[in-house]
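**Student:** Sequence and predicted structure are below.
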Amino acid sequence: TAPDGEAVETAPPARARHGSMTNVIVQLERLLGAERAGVDALSRLVEQAPTSETRTLFSQIRDDGARACTGLVGCLAPLGRRPTRAKADLATKMLALPALPDRVRLLNWGQRWVVERIDGLLARDLDKDTRAFLAEMRAVHLRNVSRCDESLVELDRQREVQVDRSFDERRKESRQGGTL
């Protein structure tokens, strides 16, 4: 007890707070690595976009990811942490998928993963600037998930049309003496 009768904080709560802050730092660094991977993957997806609308969508989401990277670095700075250069390997996994709709689905999975991690961080004790930034980042990711879902409807339709054309061409060849 302190001389004024107030309870003095003991070492275990201080250690618990330090451990909690360490976990926040680890989670912010994981988010930063995921965002860097998303920016890298989206830079490649922009090149593969079949329409100007899709190209614009991917560019905007990439730019949102770049802003998230900057913001996460800003969240780490007051915690005395210099961010690592770590980056998840989303681009390689994404480009290994056979079709653009599959790549967009993986992108959306990654965006949802980020939202879940942000939700976990928002449940913690954070400074007001970090909390405000993460809440905004969450809203942007949810908006982009919705935008990608809308884009997937069109991309899937285009894929179905391409498959139908391919099948029709093979049927036509088989009628002309080719094989099916």
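**Tutor:** Looks like it arrived, so ask away.
**Student:** count of neighbours near residue 74?
**Tutor:** Residue 74 sits with 13 neighbouring residues when counted by other C-beta atoms under 10 Å. Backbone N, C-alpha and C define where each C-beta goes, glycine included.
**Student:** and the next element down the chain from the helix or strand in which it is found?
**Tutor:** Counting by DSSP states H and E, the secondary-structure element that holds residue 74 is helix 52-76. Moving toward the C-terminus from helix 52-76, the first helix or strand encountered (DSSP H and E) is helix 90-96.
**Student:** if we look at that following helix, which residues are touching it?
**Tutor:** The contact list for helix 90-96 (C-beta atoms under 8 Å, 6 or more residues apart in numbering) reads 34, 37, 38, 40, 41, 44, 45, 103, 106, 107, 110.
**Student:** Can you read off the pLDDT for the first one?
**Tutor:** When you say that, I think you mean residue 34. At residue 34, the predicted lDDT confidence score is 94.
**Student:** mind starting the numbering at 835 from now?
**Tutor:** Okay, using 835 as the starting number, the last item reads as residue 868.
**Student:** Figure out how far the helix or strand it falls within is from the centre of its chain.
**Tutor:** Using DSSP H and E, the secondary-structure element containing residue 868 is helix 845-882. What separates the centre of helix 845-882 from the centre of its chain is 11 Å, taken as C-alpha atoms, centre = their mean, to the nearest Å.
**Student:** and if you look at stretch 967-982?
**Tutor:** Relative to the chain's own centre, stretch 967-982 is displaced by 9 Å; criterion: C-alpha atoms, centre = their mean.
**Student:** residues of it that come out buried?
**Tutor:** Judged by neighbour count using 16 or more other C-beta atoms under 10 Å, the buried positions of stretch 967-982 are 967, 968, 971, 972, 974, 975, 978, 979, 982.
**Student:** what do you get for stretch 950-965?
**Tutor:** When burial is assessed from 16+ other C-beta under 10 Å, stretch 950-965 yields the following buried residues: 951, 952, 955, 960, 964.
**Student:** my guess is residue 982 meets residue 945, correct?
**Tutor:** Yes - contact between residue 982 and residue 945 holds when scored by C-beta atoms under 8 Å: they sit 7.3 Å apart.
**Student:** Nearest the middle, which residue of the protein would you pick?
**Tutor:** residue 945 (3.4 Å; C-alpha atoms, centre = their mean).
**Student:** Tell me where the model's unsure across this protein.
**Tutor:** Within the chain, the stretches falling below the threshold (pLDDT under 70) are 835-854, 993-1014.
**Student:** which one of the buried residues of stretch 950-965 sits closest to residue 890?
**Tutor:** Nearest to residue 890 among the buried residues of stretch 950-965 is residue 952, at 25.2 Å by C-beta to C-beta.
**Student:** quick one: the closest one and residue 968 touch, right?
**Tutor:** Yes - applying C-beta under 8 Å, one finds residue 952 in contact with residue 968, separated by 5.1 Å.
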